[in-house]
Each structure stands twice: as C-alpha cells, then as structure tokens.
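Chemist: dropping a prediction and its sequence here:
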Amino acid sequence: MTVSPLTAVRLAMRSVDRIRHVEQELMVLGRQLDRITQVVAPGLRASQGIGPETAAVLLIAAVDNPQRLRTEAAFAALCGPSPIPASSGIRQCYRLNRGGKRQANSALFCIALNRFRWDPATKAYAERRTAEGKSTREILRCLKRFIAREVYRLLQPGSLPLAAMSA
C-alpha cells in the first residue's frame, strides 16, 4: 500500500500537533508537582540536589510505607542504600542492597549524582574517599546512605504533612 506525499504530510502534522499538546500538558503537570512538593515538604525541596520529581518519589515511598519509617536504617532499607556486608576473611567491605523500592533508590541515585557533580562538599568527600582507596561505586553507595539519613530526618513520621496524608 502506497501513501501519497500529501497524506504522509497530514499524518506527520497531526503527530507534531499531538506532541505539542503533550509537551504543554507535561509543563503544566511539572509546575503542579513543583508547587505540591514545595508545600508538602519544603525542607526536602530546599536540600541540595532534590528537585520536584525526586522529592515526589521519596514522599510516595515514605507515605506508602509509614510502618517502615521507625528508624533511619529502616528507611534506608526501604529505599535500598542500606549496606550489606560482603566481606571476605581479609577485607571488610559492603555491597549495594538490591532490595527496596526501585524508584526511591533511583531518586537517591539521581540526588547523589547531582551532588557528586555540583556540590563542592561532596566533591571533597569523593576525593578524600578515593584517596582512601574506595571505588566510585562504593563512594556512591555511601553518598546514597548519607542522603537517605538526611531525607529521613526531613520526613520524620510525626511531621504534619505525612501525618495528614496517611490519615
């Protein structure tokens, strides 16, 4: 079946029009998500490297599992950056936890990469850990664990926004 050039152009123009509408809708939804996360968790959003998408993912992980937010270690296990011993008899080391919520783990990874690239304090930390002989993967695991601690403190289970959402 052959399609005439005019028909092909019309189909392409309809697709371009749909793409424009979807892009506009995405912009509107992005602004709404930005406003919502600013209202619900202003401390989280004020933290270095945490944008509206990552804040929303971490809020969803916290609200979906309020019973698992007893300690910061439990929150880290929920999100995935909790350390798992992987030591041999000679060397003591830890590996990444493959469990937990994958979206929350991905959000922590994005935050860690953002800080790894742009935050001077994180860059200094990474240089210090590299000098100690740590690999980039180990440094990122430690950063994700640190960020999980910080996020847990910003999303205490008794805080007003989470208490209102889970009720």
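Modeler: Alright, I've got the coordinates.
Chemist: next secondary structure element downstream of the lengthiest helix in the chain?
Modeler: Secondary structure of the chain per DSSP state H: the longest helix is helix 5-40. Using DSSP states H and E, the helix or strand that follows helix 5-40 in sequence is helix 42-46.
Chemist: show me what that following helix is in contact with.
Modeler: Identification of contacts with helix 42-46 by C-beta atoms under 8 Å, 6 or more residues apart in numbering yields 37, 38, 50, 51, 52, 55, 58, 59, 151, 154, 155. Using the backbone N, CA and C atoms, a C-beta is placed for each residue, glycine as well.
Chemist: let's see it at 6 Å
Modeler: 37, 38, 50, 55, 154 (C-beta atoms under 6 Å, 6 or more residues apart in numbering).
Chemist: give me the lowest-pLDDT entry from these.
Modeler: Minimum pLDDT across the contacts of helix 42-46 is recorded for residue 154, with 89.
Chemist: for burial, what's the neighbour tally of that residue?
Modeler: 19 (other C-beta atoms under 10 Å).
Chemist: next up, the contacts around it.
Modeler: 43, 44.
Chemist: who are the contact partners of the residue nearest the centre of the chain?
Modeler: Central residue of the chain (C-alpha atoms, centre = their mean): residue 107, 1.2 Å from the mean position. Applying C-beta under 6 Å, 6+ apart to residue 107 gives the contacts 54, 57, 58.
Chemist: most neighbours among those residues, which one?
Modeler: Counting by other C-beta under 10 Å, top hit in the contacts of residue 107: residue 58 with 28 neighbours.
Chemist: mind listing the strands for this structure?
Modeler: 84-85, 94-95 (DSSP state E).
Chemist: note down every partner strand of the first one and its orientation.
Modeler: Read that as strand 84-85. Here strand 84-85 has these sheet partners by DSSP bridges: strand 94-95 (antiparallel).
Chemist: buried residues, the longest helix of the chain. List them.
Modeler: 34, 37, 40 (16 or more other C-beta atoms under 10 Å).
Chemist: any weak-confidence spans in the chain?
Modeler: Scanning the chain for pLDDT under 70 picks out 1, 96, 157-167.
Chemist: the helices in it, which residues?
Modeler: 5-40, 42-46, 52-64, 72-79, 102-118, 120-131, 136-154, 160-166.
Chemist: for residue 87, which of these is the nearest?
Modeler: helix 136-154 (13.0 Å; C-beta to C-beta).
Chemist: contacts only, for residue 139.
Modeler: With C-beta under 6 Å, 6+ apart, residue 139 has these contacts: 126, 129.
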